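Participant: pasting a predicted model and its sequence here:
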Amino acid sequence: MLTFDVEPIQIVYAKLINAFCRDGDMKKARWVFDLLVERGINPDVFSYTMMINGYCKVNCLWQACGIFNDMKERGIKPDVVTYTVLLDGRLKESLRRARSLHHGKER
């Protein structure tokens with residue numbers, strides 16, 4: 001699309017972000033997300049939530065929290081899904097840490 005100087009609409013960016021996040025390719029998802037912003041299109045709550053979910057799935061909670069903070073700074077209100085995704089990511093991270101501590105004591 002960009003090759004033909006046709007500007008994709010937000011839904012196309014969202015589909016690409018979703019596909020990359022689903023595949024765990026957060027580098028490409030972030031590239032598309034940043035491209036969306038560079039093109040002057042404001043990411044919506046769905047795009048932010050997909051990015052947060054993608055980062056949580058690949059155990060990058062720091063980046064997920066960064067995206068969440070960026071979302072709030074831009075004045076986009078997180079919805080119940082956004083909070084659920086972020087809380088789920090934090091809980092899973094806490095469980096991973098607890099398990100690693102527990103397994104470390106067994107040795």
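Facilitator: Arrived safely, thanks for sending.
Participant: what sits closest to C21 if chain neighbours are left out?
Facilitator: Distances taken as C-beta to C-beta, 6 or more residues apart in numbering place G54 nearest to C21, at 3.0 Å, with adjacent residues excluded. Any C-beta I mention is one placed from the backbone N, CA and C, and that applies to glycine too.
Participant: quick one: secondary structure of W62?
Facilitator: helix (DSSP: H, G, I helix; E, B strand; the rest coil).
Participant: burial count for the residue nearest to C21?
Facilitator: G54: 26 surrounding residues under other C-beta atoms under 10 Å.
Participant: in what helix or strand does it lie?
Facilitator: Taking DSSP states H and E as the criterion, G54 maps to helix 45-57.
Participant: output that helix as CSV, nothing but the C-alphas.
Facilitator: The C-alpha trace of helix 45-57 is given here as CSV (Å, rounded to 0.1, in the frame of the first residue of the first chain):
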residue,chain,number,x,y,z
VAL,A,45,-7.9,2.1,22.7
PHE,A,46,-8.0,-1.1,20.7
SER,A,47,-4.6,-0.6,19.1
TYR,A,48,-3.1,0.2,22.5
THR,A,49,-4.7,-2.8,24.1
MET,A,50,-3.4,-5.1,21.4
MET,A,51,0.1,-3.7,22.0
ILE,A,52,-0.2,-4.2,25.7
ASN,A,53,-1.5,-7.7,25.3
GLY,A,54,1.3,-8.5,22.8
TYR,A,55,4.0,-7.3,25.2
CYS,A,56,2.4,-9.2,28.1
LYS,A,57,2.4,-12.4,26.0
